[in-house]
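Q: Kindly return the folded structure for what I paste below:
(chains A, B and C)
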Amino acid sequence: MAILVIAEHDNRALKGATLNTLGAAAQLGGELHLLVAGFSCAAVVAQAAAIPGVSKVLVADAAVYAHQLAENLSRLVAGLGKGYSHLLAPAGSAGKNLLPRVAALLDVAQFSDIVGVVSPNTFKRPIYAGNAIATVQSLDPIVVATVRASAFDPLPAEGGSAAVETLDAAHDAGTSRFVGEELAKSDRPELGSARIVVSGGRGLGSGENFALLEKLADKLGAAVGASRAAVDAGFVANDMQVGQTGKIVAPELYIAVGISGAIQHLAGMKDSKVIVAINKDPEAPIFQVADYGLVADLFEAVPELERAL
Amino acid sequence: MKVLVTVKRVIDYNVKVRVKPDQSDVDLANVKMAMNPFCEIAVEAAVRLKEAGLASEIVAVSVGPAACQEQLRTALALGADRGIQIDSGEAPDPLGVAKLLAAVVAAEKPDLVILGKQSIDGDNNQTGQMLAALLDWPQATFASALALEAGRLRVTREIDGGLQSLELNLPAIVTTDLRLNEPRYASLPNIMKAKKKPLEVKSPVELGVTLKAHTRLLKVEAPAERQGGIKVGSVSELVEKLKSEAKVI
Amino acid sequence: MREAMEFDVVIVGAGPAGLSAACRLMQLANEQGRPLEVCVVEKGSEVGAHILSGAVFESRALEELFPDWRERGAPLHTPVSADEVYLLKDAERALKLPDALLPKSLHNAGNHIVSLGNLVRWLGEQAEALGVQVFPGFAVAEVLHDENGRVKGVVTGDMGVAADGSHKDGFMPGMELHARYTLFAEGCRGHLGKQLVERFGLAGDTDPQHYGLGIKELWDIEPSRHRPGLVIHGAGWPLDKDSGGGFFLYHAENHQVVVGLIVDLNYANPWLSPFDEFQRLKHHPVLKQYLEGGKRVSYGARAIAKGGFNALPEMAFPGGLLLGCDAGTLNVAKIKGSHTAMKSGLLAAETVFAALLEELPDSAWAPRWKAAFEASWLHEELYRSRNFGPALHRLGPLAGGAFNVVEQNVFAGRLPFTLHDREADHARLRPAAECPPIVYPKPDGVLGFDRLGSVFLSNTNHEEDQPCHLRLADPAIPIGRNLPLYAEPAQRYCPAGVYEVLEEEQGGPRLQINAQNCLHCKTCDIKDPAQNIVWTTPEGGGGPNYPNM
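A: Here you go, the predicted structure:
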């Protein structure tokens, strides 16, 4: 049976996490279908159809789907779902909002944030904030799962030509209404969801010196974080803290500058895809977890890095 | 307006979990348990509605063994009026919990159910959405603000990259995100009073719910320890590696 | 305006002493059908969260409190099966002492290896079932006195105060807990007990209290290396001949061992770091043979009061009592304080209950307490072991140890003289320049670890935005005096890395206090040479969350 992936998009463009979710789906074996439900989303459909490996794109283009309201969308997806072995969506706020509702309508379990495919009905997923990994098996006829994008390689974005099938069902539960949206306009993304994080530790020496990191972050489109030591020393505000007692982040790239790497800090960033450490102390524990370590004076290396980008 | 709020007993957020040597599960023997932090926020949201004169009664519900009465008592100390423990033995999966809650909702007929967006043990983030599906109610997950206007609920939700506002008809389901509020402390007199507030125990059978296993836990392991990588000699080498090898910039 | 609640008895601290007192009070009240309001206030997030002990447990007091403790499921699961004592000569060699050379007080047949934390959790359940109001997560900040100075209760700490002193969103003012009798069972170096000793002059002309810092870890070991019930004690390496202390390694249940080191806090060399001594100790073959291939699962530290009989203050004061290690009832000859703490709680409950029934004034009650205490086995036990600690302090581990063998085995503690140790621990510290610096090996991450990685396993945490609970009477002393004179020893004696001296680029060195890491061990309050650090209670619920410790 085929696998249905629910595309994440904003009616204008397909979100990259969809490609990673398709990457996970490809490990399951089976034809890949991609559902684009939205409103005036032709551009997304075109992108979807170009993904190699997707054999069919299902399109539900209606005003009731414009804002991905779960009440409406869950009925559409549950209706389609009976014909599939798997229903997958990226584990972003949209997928997490939708898929449990779909699963309940189908009377099946849902698997959240899967990070590994063991077999078509058995998955690995983090529990206890990533401090343990559970291997769980589905006992249901349909598997419904959200996929942690960073754990799977994406399918390529271009090169395919999938068939496009338009669905005409437009479900309107009529119980909820979209009022408005306020997307972060700041060039600097939020720490919790940034793709790149630049973090500073006590090695920065002062709050003023965090300006160095901010310049680097702006160049990279990154968020700025800090270690607890830097927060305790009064360099920056507590809401910038990454670590056990601060925010837990898992960006694609984490650049730790002047951070020794106390275990409390590592607990907050160890799931980052790539870790870079810049520290003048070659013995700093951060180097034990860094993919790329640079032993250097940060006051020279950071400006140089910023210029080199 | 009657508000139903759910509370779950979980490992305290300060306690590091440890996987059992036989990898059957995590070891919870003698570790500090507490109310799930997102449930605390849910209770606080309900109490604030009551303090604002918008809610008339708050019913706290927990699904689990007798030990979860401790967390129900905490909810009662924080301002809930009565508690219901659904004695399910060990916690069922989220779909089972949602079915039990749906049965409680059918009996209690609340206008609003507030749940934490997820519990910090299973990290599933499912129960609220599933309950909404079973009841065919509207849902507002990941709420960071909540207001009641002319019989409708206005909810601000935390979504990827920003905030979304929804308006829901009542009855409705809301799940809480961290920024919805700062939960209060339970005071000593309220903790004592909570011991005298009504707390019912119901079985799944009494609620007419037959639980079925939808999943099987095969193994729990500690996450792979991260290995150190390489040291680079210069900034230019670092940039080169990030571009061509790691492909992250 | 603070609210107040009224109780018959308020007990500060849900440890062995406090909970034993609470349980016995309710037993007596229930037996006699008299209503009694007893509450126990505990700063840990739950009962047992802050409890840390070896522990080899002697069940004598437990038998008196709950003769049916087995049926009630008290967690005494591992009887001691063998006792071994070693003198470590250096990093490789050890001398296993024959039984005959051991003081009798160190024989453990009939005792159990327990997690005192779990035993206390169980005691907490018993207390609640008996009708005690147990309030974990509330720290007691102050003692209340009536117009005559009599203790009339306590005040819990304010919750929701920001670091700058302002009130946060959820601010909740402290609550006055009034009581006919207030029992202080905070454990060693209780911050209120210390105030009471001073205010009421309870220490009189006793010796100053002496302390040790106990650091403990819990390990999962390979099943093939596990010998349930084996108790190992030892002394010597890595501590030098001028620094007292000893280690323990107990084989508990579930393929776990506990391992720890107690370092006497009267050490002289400010370069000494108890934490690092412990980390290197684990590499000794006597310990390594069990730990190798295992995995550390928990870590913690706590000071112990080991002055014994000679340092024991008057326990009664107008309106209440100091109990257990808050007074100093540990039997150093046995290295055990739990059964004696429990016994002090039982005696307290019995005398306080009688006083409540008879509505006795303090003038009549206090002598009754004293008589009951002096007639008890607790007093007898402490008296007989009174020379043990001073002998070690004054004569050194070898001669002192020999004295103890003879005194405990031959004379059973009945020698007609008493050794004293009159110098306070903090006063023994010598200037850094006069002492050889100690170079500790880098932690290998296998048997030895760093401080922060260790603190991580204690599950300790404090609400970040609150006033620092480690107060400096004079903020200038750490850098102005302690640093030049003693190389600021807080950096080394603190087992949690709370104190750091940072070299700033401008403005010279600075003391950084990472109060959030604090394990509530109280060592800083004890060992600071200037007695300048005052340990106060942070917001309730903060501190370690020890599982199975």
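Q: quick one: the helices in the stretch 51-200 of chain C?
A: Assigned by DSSP state H, counting those that start in this stretch, the helices in the stretch 51-200 of chain C fall at C:60-65, C:116-130, C:191-199.
Q: Same list (those) but as a markdown table, adding distance to chain A and mean neighbour count.
A: Just so you know, the C-beta spots here come from the backbone N, C-alpha and C atoms, and that holds for glycine as well. As requested, the helices of the stretch 51-200 of chain C are exported to a markdown table (distance: least, Cβ to the nearest Cβ, whole Å; neighbours: other Cβ atoms under 10 Å in any protein chain shown):
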| stretch | distance to chain A | mean neighbour count |
| --- | --- | --- |
| helix C:60-65 | 35 | 19 |
| helix C:116-130 | 21 | 22 |
| helix C:191-199 | 23 | 19 |
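Q: tell me the pLDDT at the spatially most central residue of chain B?
A: Centrality entry for chain B: nearest residue to the mean C-alpha point is B:Gly116, 3.0 Å, by Cα atoms, centre = their mean. Note for B:Gly116: predicted pLDDT of 97.
Q: Likewise for C:Pro397?
A: What the model reports as pLDDT for C:Pro397 is 69.
Q: again, but for A:Lys185
A: For A:Lys185, the model assigns a pLDDT of 64.
Q: quick one: contacts for C:His112?
A: C:Val56, C:Phe57, C:Ser59, C:Leu76, C:His77, C:Thr78, C:Pro79, C:Val80 (Cβ atoms under 8 Å, 6 or more residues apart in numbering or on different chains).
Q: can you check A:Pro126 too?
A: A:Pro126 touches A:Asp113, A:Val115, A:Ala132, A:Ile133, A:Ala134, A:Arg148, B:Asp123, B:Pro223, counting by Cβ under 8 Å, 6+ apart.
Q: okay, those residues in TSV with pLDDT and distance to chain C next?
A: Below are the contacts of A:Pro126 laid out as TSV (pLDDT from 0 to 100; distance: Cβ to the nearest Cβ, whole Å):
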residue	pLDDT	distance to chain C
A:Asp113	95	24
A:Val115	94	24
A:Ala132	94	14
A:Ile133	96	17
A:Ala134	98	20
A:Arg148	91	25
B:Asp123	94	19
B:Pro223	89	15
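Q: Just these: which are in strands?
A: A:Asp113, A:Ala132, A:Ile133, A:Ala134 (DSSP state E).
Q: contacts with chain B among those, please.
A: A:Asp113, A:Ala132, A:Ile133, A:Ala134 (Cβ under 8 Å from any Cβ of the partner chain).
Q: how about those in a markdown table, adding neighbour count?
A: Listed next are those as a markdown table, based on neighbours: other Cβ atoms under 10 Å in any protein chain shown:
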| residue | neighbour count |
| --- | --- |
| A:Asp113 | 23 |
| A:Ala132 | 21 |
| A:Ile133 | 19 |
| A:Ala134 | 22 |
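Q: between those residues, which is nearest C:Cys521?
A: A:Ala132 (29.6 Å; Cβ to Cβ).
Q: residues in contact with that closest one?
A: A:Ala132 sits in contact with A:Pro126, B:Val17, B:Val19, B:Val26, B:Val220, B:Glu221, B:Ala222, B:Pro223, where contact means Cβ under 8 Å, 6+ apart.
Q: Next, find the distance separating C:Leu119 from A:Val276.
A: 48 Å (Cβ to Cβ, to the nearest Å).
Q: Next to chain B, which bits of chain C? Give me the list.
A: Counting by Cβ under 8 Å from any Cβ, the residues of chain C that sit close to chain B are C:3, C:5, C:45-46, C:48-49, C:115, C:117-118, C:121, C:133, C:135, C:138, C:156, C:159-160, C:168-170, C:172, C:175, C:177, C:220, C:255, C:297, C:456-457, C:459-461, C:545, C:547-548.
Q: Write a ChimeraX command that selects only the buried members of those.
A: Selection of buried members from the residues of chain C next to chain B for ChimeraX, criterion 16 or more other Cβ atoms under 10 Å in any protein chain shown:
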select /C:5,45,46,48,49,115,117,118,121,133,135,138,156,159,160,172,175,177,220,255,297,456,457,459,460,461,545,547,548
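Q: Need the per-residue pLDDT for B:Ile173.
A: 98.
Q: Please read the previous query as pertaining to C:Asp99.
A: 81.
Q: ditto for C:Lys104
A: Value for C:Lys104, per-residue pLDDT: 81.
Q: go on, B:Glu225?
A: Reported pLDDT for B:Glu225: 81.
Q: Run through the residues that contact the spatially most central residue of chain A.
A: Closest to where the C-alpha atoms of chain A average out (Cα atoms, centre = their mean) is A:Ala149, at 5.1 Å. Neighbouring residues of A:Ala149 by Cβ under 8 Å, 6+ apart: A:Gly16, A:Ala17, A:Asn20, A:Thr21, A:Pro90, A:Ala91, A:Gly92.
Q: Spell out which parts of chain B neighbour chain C.
A: Within chain B, the positions adjacent to chain C are B:12, B:14-16, B:18, B:21, B:29-34, B:182-185, B:187-189, B:191-192 by Cβ under 8 Å from any Cβ.
Q: could you flag which of these are buried?
A: Looks like those have B:12, B:14-16, B:18, B:30-34, B:183-185, B:187-188, B:191 buried, using 16+ other Cβ under 10 Å.
Q: I'd like to know which of these is nearest to C:Gly293.
A: Comparing these against C:Gly293 with Cβ to Cβ places B:Arg18 closest, at 17.2 Å.
Q: Backbone dihedrals for the closest one, both of them.
A: B:Arg18 has phi and psi values of phi -130, psi 130 when expressed as degrees, to the nearest 10.
Q: Need the nearest residue in space to it, chain neighbours excluded.
A: Sequence neighbours aside, B:Asp27 is the residue nearest to B:Arg18 in space, at 5.0 Å (criterion: Cβ to Cβ, 6 or more residues apart in numbering or on different chains).
Q: distance of the one you found from B:Lys8?
A: 19 Å.
Q: between these two, which one's more packed in?
A: Comparing B:Asp27 with B:Lys8 by other Cβ atoms under 10 Å in any protein chain shown, the one with more neighbours is B:Lys8, at 26 against 20.
Q: that older thread, make CSV out of the helices of the stretch 51-200 of chain C and add mean pLDDT.
A: Shown next, in CSV, are the helices of the stretch 51-200 of chain C (pLDDT from 0 to 100):
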stretch, mean pLDDT
helix C:60-65, 98
helix C:116-130, 98
helix C:191-199, 97
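Q: can you tell me which of these comes nearest to C:Ser363?
A: Closest approach to C:Ser363 among those (Cβ to Cβ): helix C:191-199, 18.2 Å.
Q: Give me the distance between that closest one and the centre of its chain.
A: 16 Å (Cα atoms, centre = their mean, to the nearest Å).
Q: following that helix, which helix or strand comes up?
A: Following helix C:191-199 in sequence order, the next helix or strand is strand C:211-220 (DSSP states H and E).
Q: Now that following strand: average pLDDT?
A: 97.
Q: now stretch B:178-192
A: 93.
Q: For it, list the C-alpha coordinates in PDB.
A: Taking C-alpha atoms only, stretch B:178-192 is exported to PDB below (Å, rounded to 0.1, in the frame of the first residue of the first chain):
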ATOM      1  CA  LEU B 178       5.000  27.300  28.400                       C
ATOM      2  CA  ARG B 179       4.200  31.000  27.900                       C
ATOM      3  CA  LEU B 180       0.500  30.900  28.800                       C
ATOM      4  CA  ASN B 181       1.200  31.800  32.400                       C
ATOM      5  CA  GLU B 182       3.500  31.400  35.400                       C
ATOM      6  CA  PRO B 183       1.900  28.900  37.700                       C
ATOM      7  CA  ARG B 184       1.400  29.900  41.300                       C
ATOM      8  CA  TYR B 185       2.700  28.100  44.400                       C
ATOM      9  CA  ALA B 186       0.300  26.100  46.500                       C
ATOM     10  CA  SER B 187       0.000  27.700  49.900                       C
ATOM     11  CA  LEU B 188       0.100  25.700  53.100                       C
ATOM     12  CA  PRO B 189      -3.500  26.400  54.100                       C
ATOM     13  CA  ASN B 190      -4.600  25.500  50.600                       C
ATOM     14  CA  ILE B 191      -2.700  22.300  50.700                       C
ATOM     15  CA  MET B 192      -4.500  21.400  53.900                       C
END
